[in-house]
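Undergrad: Pasting the sequence and the predicted coordinates here, then a few questions.
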Amino acid sequence: MMDLAASLLSPEFFAAILRVSTPIILVAMGVLISERAGVVNIGAEGMMLSGAFCGVVFSAYTGSATVGLVAAIVAGMVGGLFMSFAVHVLRANLFLSGIALNLAASAGTILALFALTGEKGISGTLDSEVLPSVHIPWIQDLPVLGTILSGHHILTYVAFLSVPAVAIFMMRTPTGLRMRAVGENPEAAKATGLSVIRLQLQAFLLCGVFAGAGGAFLSMGYVSWFSQNMTAGRGFIALAAEVMGAGGAYGTLAASLLLGSVDVLAIALAGEGLPSELLQAAPYVVTVLALALYGLRQTKQKTIGTVH
């Protein structure tokens, strides 16, 4: 027990939280933008998985981690285009479109991996590149804080810097304010001359950028390969983080860190004799509860709107 306490209070434990939370933060920022524009992006999981796959493949064939990152982001944006086309052109249900994208990404990445390498499940023969880690001058030499804050993957720092950037974008820029107007009342926004479809398309694309980057972190930083369904529900966990954060960038950051902490804590407790299945399920149980709360919140808002 004393060893467990020491482990939970160690700098390495807190550094692990930052590392595990990185993809959740990235995708949650994208989900926040789309949700505030009035389109809850259930397809973030598929965008993330596509980004992870394309990052590995393109970095392997070009020998450039930068090309891999760009390919991952483009893959996420293609997912955003799919969502917009399904919702705005085909008039398909938003949630069913997201589920379709997730299923297509899951099956498509497996088939593409087999077609390219002949492998099933993992890209073992692809010599893919990884994005660099960053050691912060002065901070890296500090005791405790150096271990926690320095030496992380570059996308970890991008994730944390994206939080104030998204907050400023949504609260201070004309495009962000227009997206919020569309999300809060699309009919009123349309009456003032705003293009609801164009703004929601932009929101889908921005969500794709963040989801693709989150996927790149998984396959080009967290590990250095692609494996079948390696996102493991992180897109849905990011949705839960956005819900728990009540649509605010900093609240979403706090929720992402909380969910990441649950995951790291589950790993730390695995050696204490507790059932591993129960511990592995913990982040997903929290996610389901958060999504249930989102449903209740939406129902309450609709009820209030009907009364007024």
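TA: It's in.
Undergrad: list the contacts for S128?
TA: Applying CB atoms under 8 Å, 6 or more residues apart in numbering to S128 gives the contacts 55-57, 59-60, 68, 219-220, 224-226. Heads up, the C-betas are built off the backbone N, CA and C, glycines and all.
Undergrad: Pick out the lowest-pLDDT one from the residues you listed.
TA: Ranked by pLDDT, the contacts of S128 bottom out at S224, which scores 86.
Undergrad: Tell me who's in contact with that one.
TA: 128, 130.
Undergrad: Which of the helices or strands spans it?
TA: Following DSSP states H and E, one finds S224 outside all helices and strands.
Undergrad: that older thread, nearest to F169, of the contacts of S128?
TA: G55 (24.4 Å; CB to CB).
Undergrad: and the closest one, how many neighbours?
TA: 33 (other CB atoms under 10 Å).
Undergrad: close enough to count as contact, it and T66?
TA: No - counting by CB atoms under 8 Å, G55 stays clear of T66, with 10.5 Å between them.
Undergrad: So which residues of the stretch 51-200 of the chain form helices?
TA: Secondary structure of the stretch 51-200 of the chain (DSSP state H, counting those that start in this stretch): helices located at 65-84, 94-117, 145-149, 154-172, 174-184, 186-191, 196-217.
Undergrad: Over to the stretch 201-308 of the chain?
TA: With DSSP H, counting those that start in this stretch as the criterion, the stretch 201-308 of the chain has helices spanning 234-244, 249-269, 276-307.
Undergrad: Find the one among those helices with the highest mean neighbour count.
TA: Highest mean neighbour count among the helices of the stretch 201-308 of the chain (mean count of other CB atoms under 10 Å): helix 234-244, with a mean of 28.
Undergrad: Show residues contacting stretch 146-165.
TA: 11-12, 14-15, 18-19, 21-23, 25-26, 29, 131-136, 139-140, 210, 213, 216-217, 221-222, 249-250, 252-253.
Undergrad: rerun that using 7 Å as the cut-off
TA: Contact with stretch 146-165 is made by 11-12, 14-15, 18-19, 22, 25-26, 29, 131-136, 139-140, 213, 216-217, 221, 249-250, 253, as judged by CB atoms under 7 Å, 6 or more residues apart in numbering.
Undergrad: Could you pick out the buried ones from those residues?
TA: Among these, those buried by neighbour count (16 or more other CB atoms under 10 Å) are 14-15, 18-19, 22, 25-26, 29, 131, 213, 216-217, 221, 249, 253.
Undergrad: What about the residue nearest to A254 when sequence neighbours are not counted, how many residues nearby?
TA: Here the nearest residue to A254 in space, its sequence neighbours aside, is G245; by CB to CB, 6 or more residues apart in numbering that works out to 6.6 Å. G245 has 21 neighbours, counted by other CB under 10 Å.
Undergrad: roughly how far apart are G245 and A28?
TA: 7 Å (CB to CB, to the nearest Å).
Undergrad: pretty sure V39 is in a strand, no?
TA: No - applying DSSP: H, G, I helix; E, B strand; the rest coil, one finds V39 to be coil, outside a strand.
Undergrad: and it, what is it in contact with?
TA: With CB under 7 Å, 6+ apart, V39 has these contacts: 87, 94, 200, 203-204.
Undergrad: so where's the stretch 201-308 of the chain shaky on pLDDT?
TA: 270-280, 283, 291, 294, 297-298, 300-308 (pLDDT under 70).
Undergrad: could you redo the last one with a cut-off of 80?
TA: Within the stretch 201-308 of the chain, the stretches with pLDDT under 80 are 266-308.
Undergrad: again, but for the stretch 51-200 of the chain
TA: Using pLDDT under 80, nothing in the stretch 51-200 of the chain is flagged.
Undergrad: Need the residues touching each of G245 and A28.
TA: T252.
Undergrad: returning to what we had before: save the helices of the stretch 201-308 of the chain as JSON lines, and put in distance to V158 too.
TA: Shown next, in JSON lines, are those (distance: least, CB to CB, whole Å):
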{"stretch": "helix 234-244", "distance to V158": "15"}
{"stretch": "helix 249-269", "distance to V158": "13"}
{"stretch": "helix 276-307", "distance to V158": "22"}
